[in-house]
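**Student:** give the three-dimensional model of this entry:
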Amino acid sequence: VSSQETITPILKSYPGLDSIIDVHGGQYHVTALDQQGKVYKLSNNASYVMTTVDEFGAGFTNNFQVKGFWQSNVSLRGPDSSLWYWGIADPMNYAGGATITAPIKLVMPAGKKFIKVETGSVPNLSTSYILALASDGTVWKYSRGNVNPVQITIAGESIIDIATLGNNAQILLTASNKLYAAGYQSTYVGTSSNTNTFT
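**Tutor:** As a prediction, the model looks like this:
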């Protein structure tokens, strides 16, 4: 893990963490996932804290993807491939800006299982969002202050992957090998202007 002050990566050891399979950067921390599906918040001083239980008091294991999201995090978890959210500063404003210590399970579209999740926001958090790709090729967007996801569709296209760019550009890859983009900084991937409409 390299600190924000460095250009050359600096190797850090985290005693006790020896089976990490995925990491993702957030603001002031790195989120890590181990082989048992446990999630850890790593600091730059070689310390870490495990997220132990979810909002229901169950052990927070069986995660298979994690993302740092500003000072918060999201994960995909379990056989139902559900989406979970927690952390500091609450960029989605689901807890009125309060810290969410125990991960909360977000509303899932009926019958859907997520296989990939991405997050984004402009610096003032006003347009924070979570973008999720389901196993059936549907894409769902959670918006700040709205826990109910909205499906994103492109007429005549099947979506096979999602990504984000910069602070708040969402990118969709279709089965016909086309890229669609929307949001702030979407001009970097070919839109003529920042737009909320996928083009």
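**Student:** the worst-scoring helix or strand of the chain on mean pLDDT: which residues count as buried?
**Tutor:** Comparing every helix and strand of the chain by mean pLDDT, DSSP states H and E singles out strand 179-184 as the least confident one, with a mean of 86. When neighbours are counted by 16 or more other Cβ atoms under 10 Å, the buried residues of strand 179-184 are found to be Y180, A181, A182, G183, Y184. In short, each C-beta sits where N, CA and C put it, glycine included.
**Student:** just those now: which is nearest G59?
**Tutor:** Taking Cβ to Cβ as the measure, G59 sits nearest to G183 out of the buried residues of strand 179-184, at 36.1 Å.
**Student:** distance of the closest one relative to S193?
**Tutor:** In this structure, G183 and S193 are 11 Å apart, going by Cβ to Cβ, to the nearest Å.
**Student:** also G78?
**Tutor:** With Cβ to Cβ as the criterion, G78 and S193 are 40 Å apart.
**Student:** more neighbours, these two?
**Tutor:** More crowded of G78 and S193, by other Cβ atoms under 10 Å: G78, with 15 against 7.
**Student:** what's the residue nearest to the more buried one when sequence neighbours are not counted in contact with, if anything?
**Tutor:** Counting by Cβ to Cβ, 6 or more residues apart in numbering, N62 is the residue found nearest to G78 once chain neighbours are left out, at 4.8 Å. With contacts taken as Cβ atoms under 8 Å, 6 or more residues apart in numbering, N62 has the following neighbours: Q36, G37, R77, G78, P79.
**Student:** can you redo these as JSON lines with pLDDT and distance to I162?
**Tutor:** Compiled in JSON lines, the contacts of N62 are given as follows (pLDDT from 0 to 100; distance: Cβ to Cβ, whole Å):
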{"residue": "Q36", "pLDDT": "94", "distance to I162": "27"}
{"residue": "G37", "pLDDT": "97", "distance to I162": "22"}
{"residue": "R77", "pLDDT": "97", "distance to I162": "18"}
{"residue": "G78", "pLDDT": "95", "distance to I162": "21"}
{"residue": "P79", "pLDDT": "95", "distance to I162": "22"}
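**Student:** out of those, which sit inside helices?
**Tutor:** By the criterion of DSSP state H, membership of those in helices covers no residue at all.
**Student:** ok, the residues you listed vs T199, which is closest?
**Tutor:** R77 (33.3 Å).
**Student:** contacting residues around the closest one?
**Tutor:** The neighbourhood of R77, defined by Cβ under 8 Å, 6+ apart, consists of G37, F60, N62, N63, F64, L83, W84.
**Student:** out of these, flag the one nearest to A155.
**Tutor:** Lowest distance from A155 to those (Cβ to Cβ) belongs to L83, with 26.0 Å.
**Student:** identify the farthest-apart pair in the contacts of N62.
**Tutor:** Across these, the two members that end up farthest from each other (Cβ to Cβ) are Q36 and P79, 15.0 Å apart.
**Student:** who's more crowded, the two?
**Tutor:** Neighbour comparison, Q36 and P79: the larger count goes to Q36, with 11 against 8 (by other Cβ under 10 Å).
**Student:** isn't that one up against F60?
**Tutor:** No. With contact defined as Cβ atoms under 8 Å, Q36 does not count as touching F60 (10.6 Å).
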